[in-house]
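J.: Starting from these lines, generate the structure:
(chains A and B)
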Amino acid sequence: MAGGGDELKLVGWWASPFVQRVKLALRLKGLDYEHVEENLESKSDLLLSSNPVYRRVPVLIHNGKPICESSIIVQYIDEAFAGTGRNLLPADPHERAVARFWVAFIDDTLPKSSWGKTEEEKAEEKKKTAEVLEKLEGALKDCSKGKTFFGGDNVGYVDVMLGGFVGWVRATDAMDGVRTFDPAATPLLAAWEERFVELDVAKAVMPDVEKLIAFANAQVLQARAAAAANSS
Amino acid sequence: MAAKEDLQLLGLAVSPFAIRVRIALNLKGVSYENLEQNLMDKSELLLKSNPVHKKVPVLIHGGKPICESLVILQYVDEVWTAAPSILPAEPYNRAVARFWAGFVDDKLFPSMVGILKATTEEERAAKVSETLAAMGKLEEAFAERASGKPFFGGDSIGYVDLALGSTLIWLEAVRRMFGVAFIDAGETPLLAAWAERFREAEAANGELPDADIAVEFGRTLQARWAAASAAAN
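T.: Residues are numbered from 1 along each chain as shown, chains lettered A, B, ... in the order given. Coordinates of the predicted model:
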């Protein structure tokens, strides 16, 4: 548990995969925190003052000091609470560099992929996503060294950063009748997903998939209504 | 003098991402083999060492490649632990340094590249505004964080200095091409003074080619983008 006198506040939003990453990291370290749910249509003074540059979630506020950007927050948690729980980043500098490389890759490619998009946009993105997943499968093979996770036997930095997306992966898989981490094309990633969702920390933080589906459907309806209004 | 390391840098004289790695290695007093790449005809070594992105810079240490400039900077700091430190020791200060280096790469630099890429005056003006706004935020960040020290990193060049300082030749190139100053004694006095110090620092001054070389490279890029766009239409 967090040492006495540590105040941790996470400014977040239930459906954000970037917020999920931070929740996973906090849980893995066994840290208590206060979750502050934002209304993204009406951002709080707390959010705007603690993240004036980007005005977005997640923001972790530790003893009054804000840390922004999910990859920076997760590394901060690992470093500020180095004595608590397991380390998320590996000890060896080259392995750390490889982990950071793949997290940068994930951040450059996955948020742009097909999740939450229209049918037309999804079809275009499909090929790109397949290439991305192929590379991640290779990464998992190299990093896991025969174990399940990028971190080996235990969840590490890359697992946390990819893991934040699993809720949305499951939601869009259900909506589209597919499996993003297809066992035929990407067997290691498929196995990774199965093991990941069974983790206590994942069960504790993953948003309800039905709720995500309902949200996505509402967004599509809203977008269609707006398009119809614009064209009439 | 440090022992000779099995260390190669695949880079480009004019790439800010490679420049920052060279300056970092200079700061650490580490010797390496500098292998200038030809991005129009990529070498086997580059393709093999960075199969995912096929980009520079790549640092190869003991035969093992490290890719992505900010990842490389952290690697250099963690392997060659003698002073000066590139990242601060304290976790919160490290997070702030990572934030602003990320801001340079995610906001400032892409906006600046957008000025080069713009095909209409409107688009260009919008990108110029974005770049100026980003510079303004960095000026504020320097005012808040540097506390009277010469660099973002304190007494010596650090992570944010490397990220921002390596873009100086390009900011100057764009000024020569389009007439807009992004670092200006009037608008951004702290950064103007900081830029002078950075350029003159021993670790940096040999690594910053004249901005005219960047101008030439910029014009080549513009021609390439225009040709690609014409081919697509």
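J.: and A:Val11, backbone torsions?
T.: A:Val11 adopts backbone torsions of phi -90, psi 120, taken as degrees, to the nearest 10.
J.: same deal with B:Phe142?
T.: phi -60, psi -40.
J.: what's the distance between the residue lying closest to it once chain neighbours are set aside and chain A?
T.: Leaving aside its chain neighbours, B:Phe142 sits nearest to B:Leu190 (4.8 Å; criterion: Cβ to Cβ, 6 or more residues apart in numbering or on different chains). C-betas here are computed from N, CA, C, even on glycine. Plainly put, B:Leu190 is 18 Å away from chain A if you go by Cβ to the nearest Cβ, to the nearest Å.
J.: Now whatever helix or strand B:Leu190 lives in: buried residues?
T.: Following DSSP states H and E, one finds B:Leu190 within helix B:189-200. Of the residues in helix B:189-200, B:191, B:194-195, B:198 count as buried by neighbour count, 16 or more other Cβ atoms under 10 Å in any protein chain shown.
J.: what helix or strand does B:Trp170 sit in?
T.: Going by DSSP H and E, B:Trp170 is part of helix B:168-178.
J.: returning to that earlier point: can you pull the contacts of the residue nearest to B:Phe142?
T.: B:139, B:142-143, B:146 (Cβ atoms under 8 Å, 6 or more residues apart in numbering or on different chains).
J.: One more pass at 7 Å, please.
T.: B:139, B:142-143 (Cβ atoms under 7 Å, 6 or more residues apart in numbering or on different chains).
J.: Likewise for A:Trp14?
T.: A:37, A:207.
J.: Would you verify that it is located in a strand?
T.: No: A:Trp14 is assigned coil when assessed by DSSP: H, G, I helix; E, B strand; the rest coil, not a strand.
J.: any idea how far it is from A:Asn39?
T.: 11 Å (Cβ to Cβ, to the nearest Å).
J.: Now B:Ser43. Nearest residue, chain neighbours left out?
T.: B:Ser43's closest residue in space is B:Gln37 (Cβ to Cβ, 6+ apart), at 6.2 Å.
J.: what are the phi and psi angles of the residue sitting nearest the centre point of chain A?
T.: Chain A has A:Gly164 as the residue nearest its centroid, 2.1 Å off, counting by Cα atoms, centre = their mean. Backbone torsions of A:Gly164, given as degrees, to the nearest 10, read phi -60, psi -30.
J.: Run a quick check on it versus A:Pro17, I expect a contact.
T.: Yes: using Cβ atoms under 7 Å, A:Gly164 is in contact with A:Pro17, at 4.1 Å.
J.: What ranges does chain B have for its strands?
T.: Counting by DSSP state E, the segments of chain B that form strands are B:7-11, B:33-36, B:58-61, B:64-67.
J.: Save these as a markdown table, and put in mean neighbour count too.
T.: Output for these, formatted as a markdown table (neighbours: other Cβ atoms under 10 Å in any protein chain shown):
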| stretch | mean neighbour count |
| --- | --- |
| strand B:7-11 | 21 |
| strand B:33-36 | 14 |
| strand B:58-61 | 24 |
| strand B:64-67 | 21 |
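J.: quick one: which of those is nearest A:Thr186?
T.: strand B:64-67 (22.0 Å; Cβ to Cβ).
J.: Next one: that closest one, is it in contact with chain A?
T.: Yes: judged by Cβ under 7 Å from any Cβ of the partner chain, strand B:64-67 and chain A are in contact via B:64, B:66-67.
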